[in-house]
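[1] The sequence and its predicted three-dimensional model are supplied below.
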Amino acid sequence: MQVQHPEKAVPSVMNLVEADYSYWTLGYAISLQGAHKLVAAEPFSKMLPVDEFLPVMYNKHPSAKYMEYYEPRDLKAFSVEPLLLYPTHYTGEPGYISDTETSTIWDNENIVTDWDRTHSIKTREQGEISTDAQNTEALPPQAPIETSSRDEL
């Protein structure tokens, strides 16, 4: 969801918009055709975090440098509005962790990096991470999920 300008609504589909560049990759569904496009781009040969890779593949990433490594960039990406998923922590809040914001280019085994969460400098600085969501009071009360509906997911 973009704050600066609205995303383009998908005609005749309520609450669906064409995804623009996103700063969060919280949840997604991928069709088989979309999965084939992602794999065909050979992402493991050009390591890029998934929240950067996906917008590159649907041609909405602001960095031309990232975009130049991947062709074609014709993945179709959509979002819902209002959003269905939200982060439990935002940048700077206690318990916030990012696997990508403190990353460095890792092309040399001799260079120390911060990619291993168990030994991460940022993790040690933050202390123990809470397993409970920090924004539960902002969420509407949830009805318990019946066993039968959970089995259908």
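    All right, it came through fine. Residues are numbered from 1 along each chain as shown.
[2] What's the separation between residue 28 and residue 43?
    Separation of residue 28 from residue 43 (Cβ to Cβ, to the nearest Å): 15 Å. Quick note: C-beta positions are derived from backbone N, CA and C, even for glycine.
[3] cool, residue 51 as well?
    Remark: distance between residue 51 and residue 43 (Cβ to Cβ) = 12 Å.
[4] Measure how buried residue 70 is and give me the count.
    Here the number of neighbours of residue 70 (other Cβ atoms under 10 Å) works out to 20.
[5] same thing with residue 45?
    So residue 45, with other Cβ under 10 Å, has 7 neighbours.
[6] likewise residue 25?
    Residue 25: 14 neighbours (other Cβ under 10 Å).
[7] ok, it touching residue 50?
    Yes - shown here, residue 25 and residue 50 form a contact pair, counting by Cβ atoms under 8 Å, at 5.5 Å.
[8] Compute the first-to-last residue distance for stretch 38-45.
    With Cα to Cα, to the nearest Å as the measure, stretch 38-45 spans 12 Å from end to end.
[9] Give the buried residues for it.
    Under the neighbour-count criterion of 16 or more other Cβ atoms under 10 Å, stretch 38-45 has 38, 41, 43 buried.
[10] Look up the closest residue to the second one, ignoring the ones flanking it.
    Think residue 41. residue 70 (5.0 Å; Cβ to Cβ, 6 or more residues apart in numbering).
[11] what's the answer for the first one, then?
    The spatial neighbour of residue 38 that comes closest, neighbours along the chain excluded (Cβ to Cβ, 6+ apart), is residue 57 at 6.2 Å.
[12] Contact partners for that neighbour?
    Contacts here follow Cβ atoms under 8 Å, 6 or more residues apart in numbering; on that basis residue 57 touches 37, 38, 41, 70, 73, 75, 77.
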